[in-house]
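A.B. asks: got a predicted model here, sequence first, then my questions.
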Amino acid sequence: MERQCTVGRDEIAVVYTPLMRRPLLLIAWLLTDLVLFVGAYACAYFLRVGFIVSTDFPLDHYLQAVLIVAPVWIGAMLIAGVFRLTSIQSSKRNLIMIVGSCVIGLSLFTLAYYFVFNQFFSRLLLVYAGALSVIFTAIWHLAFDQWQRRVLRKDPPAFPVLVIGANRDAERFIKLLNERQSPLKPVAVLDPAGSAQKEIAGVAVLGKLDRLEETIKQLRPKYLVQCSNLEHTLNLISVCRNHGITYMLLPSVLGVVGGSERSIVIEGQPVTTVEP
Amino acid sequence: MQSFILAGGFATRLWPLTERRAKPLLPLAGKPILTHIVEQIPSEIPVTVSTNAVFEESFHTWKKSITRSNITIRIEQTRSDREKLGALGAVAEWLEQEKIHDDVLLLTGDNYFGFSLNTFIAQYHSPCSLLAVSDIGDPVRAAQFGIVSVDADGKTVTGFEEKPAQPKTTLASTGCSILPAGILPEVIAFAKRKPDNVGGIFEELLRLGQRVECFRFIEPWFDIGSFESYLEATRVLVGERVMQDETNKMQDARCNGSVVIGTGGSVTKSKLTDTVLFDRCMVDNCVLSHCIIDDDCILKGVDLSGQMLRAGTKLMRE
């Protein structure tokens, strides 16, 4: 299904988005996390009990409880947004979410073991299990994320981004995505004002908005980011809805600069706020 | 005489209205701009409409809606701004390929003019080129047009400047002219050097010592190149009323200013001010002010001001 061509200014490439790449990676990530969780708890067991098979505290009972809890732990991380495409695994927020999920996992493991086998066990083992699950998960997530980014950006990218606007904000955004190896890869720029530039930060400027439909049909972007021309917002959203593209807007288009904006929900109504 | 209408632009400033149709085919006060123009051309004059490959089909469809038989659609094999031959280049190619040796009535497909073309043609005396000009009275706006200077007789053109920084007059060239058969070789030669400079041909003719005259008119004229100019043209042509098809459903609708509603539309519990709805739009519980809404839009419970909406847009607040 994949066909790759070059993307040029006058010759728009035909690119079939490899739709299955991200789901397959996510499944692999979840499965490896499950193995990792069990592995961390197994390590904690052997660290505390020693490299023997204890009859007082049987390994199979212990692992049974771990296996019961592991999917819940994964679920907690999914809910916390740890596996989100746009999550930065090295961010403080993400690390807090991993720690929180591991604490939930640990608590549930304690409860599960007690409920199933009606007994408690070493508190030090819990400390080991909690610490190892956090360390293993954080390190693995950093490594997996780096690999995943490379795989998702490989041509043809899994998440091509069409950039609207050829201003400095667009240039900064494209550079940011490329420097950080974001899974979202800019593939083309259309400029409503008709920029004379042939490319911005290495991404081809293909023309004005009259080429929008044609560009979407040929490049099949999964995201469209508006970097200029606020007056076109409604129509760009309309185009995105028609083609199943996720629309994004740089705050600078609204005149918001300085990173003080947030999206919040007031009484069920989403609003964008700008802190003074 | 032959007439040639330039309709090969991609009209990117009027996106998204021009996403599926060329600017000359935009409906203006109930019919395409091009229809307004063609209806003015005397029936015995053959009409050639020059457009690009992107809009080929829509021009052929338009041609079928016109009763006149002597219309030819000429397709320039270009699909983007960058490939364009240039307006004058398109004229020159037609002159050469069709071996035209007649006087040429040259018109631009996105300019609406209210004067009679019969009167204009009656003013033409070969071998003088004739140019229709309108006094726009505003030196600032004049800098956006081809500006004509005239002799004391008010008729003989002495100068032509394309978009001058400091206009000498406010007489704007309106995209309507007659080129005598005798100067067509000069047109072809000039087009080879400056294919995109239609106005420049008059500068060139004056430089070559050819006589150019102007036809001044006071009737409305609109160069429909932007959202604002389109709405302004609608305001003038429609006036303070609602122009609509009898089949439209109007219920509890309040309209102010110039409102145009295309065929198959429905407007309920809404307020419309200076707004144009193209065909088959459904508007319910909305407040629309200074909007142009393309075909097949469904709007429910929204307030919009100063918007152009692309065809098929659905904005529905439950």
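C.D. replies: Sure thing, it's come through. Computed from a prediction, not measured in an experiment: that's the story for all the values here.
A.B. asks: chain A against chain B: which residues are in contact?
C.D. replies: Residues of chain A found near chain B (Cβ under 8 Å from any Cβ of the partner chain) are A:10, A:192, A:194, A:207-213, A:231-232, A:234-235, A:238-239, A:241-242. No exception for glycine: its C-beta is placed from N, CA and C like everyone else's.
A.B. asks: let me see the ranges of the strands in chain A.
C.D. replies: Taking DSSP state E, the strands of chain A run over residues A:159-164, A:184-190, A:199-200, A:203-207, A:223-226, A:246-249, A:261-266, A:269-274.
A.B. asks: could you chop the chain up by domain?
C.D. replies: All of this refers to chain A. What the record gives for chain A is the domain set A:21-152, A:159-274, from automatic domain parsing.
A.B. asks: my question was about chain B, not that one.
C.D. replies: As given by automatic domain parsing, the domain ranges for chain B are B:2-227, B:239-316.
A.B. asks: quick one: contacts for residue 48?
C.D. replies: Looking at chain A here, since you left the chain open. Taking Cβ atoms under 8 Å, 6 or more residues apart in numbering or on different chains as the contact definition, residue A:48 lies against A:122, A:124-125, A:128.
A.B. asks: sorry, should have said chain B
C.D. replies: Counting by Cβ under 8 Å, 6+ apart, residue B:48 touches B:2-5, B:71-72, B:74, B:94, B:98.
A.B. asks: so it, which state does it fall into?
C.D. replies: Local secondary structure at residue B:48 is given as strand here, using DSSP: H, G, I helix; E, B strand; the rest coil.
A.B. asks: quick one, helices of chain A?
C.D. replies: Using DSSP state H, the helices found in chain A span residues A:21-49, A:59-79, A:92-117, A:123-153, A:168-179, A:212-219, A:233-243.
A.B. asks: can you check chain B too?
C.D. replies: Secondary structure of chain B (DSSP H): helices at B:33-40, B:56-64, B:87-97, B:117-122, B:139-142, B:184-193, B:200-207, B:227-238.
A.B. asks: chain A: which of those helices is closest?
C.D. replies: helix B:227-238 (8.4 Å; Cβ to the nearest Cβ).
A.B. asks: how far does the closest one sit from its chain's centre?
C.D. replies: 12 Å (Cα atoms, centre = their mean, to the nearest Å).
A.B. asks: low-confidence ranges in chain A?
C.D. replies: Low-confidence regions of chain A, defined by pLDDT under 70, span residues A:1-19.
A.B. asks: next, name the residue at the spatial heart of it.
C.D. replies: Residue closest to the mean C-alpha point of chain A, counted by Cα atoms, centre = their mean, is residue A:85 at 1.8 Å.
A.B. asks: now, of the residues of chain A next to chain B, which are buried?
C.D. replies: Buried positions within the residues of chain A next to chain B, assessed by neighbour count (16 or more other Cβ atoms under 10 Å in any protein chain shown), are A:192, A:207-213, A:232, A:234-235, A:238-239.
A.B. asks: wait, residue A:26 sits on residue A:84?
C.D. replies: No - counting by Cβ atoms under 8 Å, no contact exists between residue A:26 and residue A:84, whose distance comes to 10.2 Å.
A.B. asks: so which of these two has more stuff around it?
C.D. replies: Set residue A:26 next to residue A:84 and count neighbours by other Cβ atoms under 10 Å in any protein chain shown: residue A:26 wins out with 14 against 10.
A.B. asks: quick one: low-confidence residue ranges for chain B.
C.D. replies: For chain B, the stretches flagged by pLDDT under 70 are B:80-83.
A.B. asks: look up how far residue B:243 lies from the residue in the stretch 51-200 of chain A that chain B sits nearest to.
C.D. replies: Distance from chain B to each residue of the stretch 51-200 of chain A (Cβ to the nearest Cβ) is smallest for residue A:194, at 6.5 Å. The spacing between residue A:194 and residue B:243, counted by Cβ to Cβ, to the nearest Å, is 33 Å.
A.B. asks: same question for residue A:171.
C.D. replies: With the distance defined as Cβ to Cβ, residue A:171 ends up 46 Å from residue B:243.
A.B. asks: try residue A:252
C.D. replies: Taken as Cβ to Cβ, the spacing of residue A:252 relative to residue B:243 amounts to 40 Å.
A.B. asks: out of those two, which sits in the busier spot?
C.D. replies: More neighbours sit around residue A:252 than around the other of residue A:252 and residue B:243, counting by other Cβ under 10 Å; the figures are 19 against 16.
A.B. asks: OK, contacts around the residue nearest to that one when sequence neighbours are not counted?
C.D. replies: Among residues not flanking residue A:252 along the chain, residue A:169 sits closest, at 4.6 Å (Cβ to Cβ, 6 or more residues apart in numbering or on different chains). For residue A:169, the contact set (Cβ under 8 Å, 6+ apart) comprises A:227-228, A:250, A:252-253.
A.B. asks: name only those of these that count as buried.
C.D. replies: Among these, those that count as buried by neighbour count (16+ other Cβ under 10 Å) are A:227-228, A:250, A:252-253.
A.B. asks: any idea which of the residues you listed is closest to chain B?
C.D. replies: Distance to chain B, by Cβ to the nearest Cβ, is smallest for residue A:228 among the buried ones among the contacts of residue A:169, at 13.7 Å.
A.B. asks: residues contacting residue B:77?
C.D. replies: B:52-53.
A.B. asks: neighbours of residue B:68, how many?
C.D. replies: Residues contacting residue B:68 under the criterion other Cβ under 10 Å number 13.
A.B. asks: quick check: closest non-adjacent residue to residue B:108.
C.D. replies: Leaving out its chain neighbours, the residue that sits closest to residue B:108 by Cβ to Cβ, 6+ apart is residue B:175, at 3.3 Å.
A.B. asks: residues touching that neighbour, list them.
C.D. replies: With contact taken as Cβ under 8 Å, 6+ apart, residue B:175 is in contact with B:6, B:107-108, B:110-111, B:132, B:198, B:223.
A.B. asks: give me the buried entries from the residues you listed.
C.D. replies: When these are checked for burial by 16+ other Cβ under 10 Å, the buried set is B:6, B:107-108, B:110-111, B:132, B:198, B:223.
A.B. asks: ok, these vs chain A, which is closest?
C.D. replies: Compare each of the buried ones among the contacts of residue B:175 with chain A using Cβ to the nearest Cβ and the shortest gap goes to residue B:110, at 14.7 Å.
A.B. asks: could you measure from the closest residue to the closest one other than its chain neighbours over to residue B:6?
C.D. replies: Once its chain neighbours are removed from consideration, residue B:110 has its nearest residue in residue B:23; the separation is 4.6 Å (Cβ to Cβ, 6+ apart). Using Cβ to Cβ, one obtains 11 Å as the distance from residue B:23 to residue B:6.
A.B. asks: overlap of the contact sets of those two?
C.D. replies: Here residue B:23 and residue B:6 have residue B:109 as joint contacts, going by Cβ under 8 Å, 6+ apart.
A.B. asks: ok, how many other residues are close to residue A:22?
C.D. replies: Taking other Cβ under 10 Å as the definition, residue A:22 ends up with a neighbour count of 17.
A.B. asks: contacting residues for it?
C.D. replies: With contacts defined as Cβ under 8 Å, 6+ apart, residue A:22 is in contact with A:85, A:152, A:158-159, A:183.
A.B. asks: closest to residue A:41 out of those residues?
C.D. replies: Distance to residue A:41 across the contacts of residue A:22 (Cβ to Cβ) is lowest for residue A:85, with 28.5 Å.
A.B. asks: can you pull the contacts of the nearest residue to that closest one once chain neighbours are set aside?
C.D. replies: Excluding the flanking residues, the one nearest residue A:85 by Cβ to Cβ, 6+ apart is residue A:183, at 5.5 Å. The contact partners of residue A:183, by Cβ under 8 Å, 6+ apart, come to A:22, A:85-86, A:148-149, A:152-153, A:157-159.
A.B. asks: let's go with 10 Å and repeat that
C.D. replies: Residue A:183 makes contact with A:21-22, A:25, A:85-86, A:145, A:148-153, A:157-159, A:161, A:177, A:222, according to Cβ atoms under 10 Å, 6 or more residues apart in numbering or on different chains.
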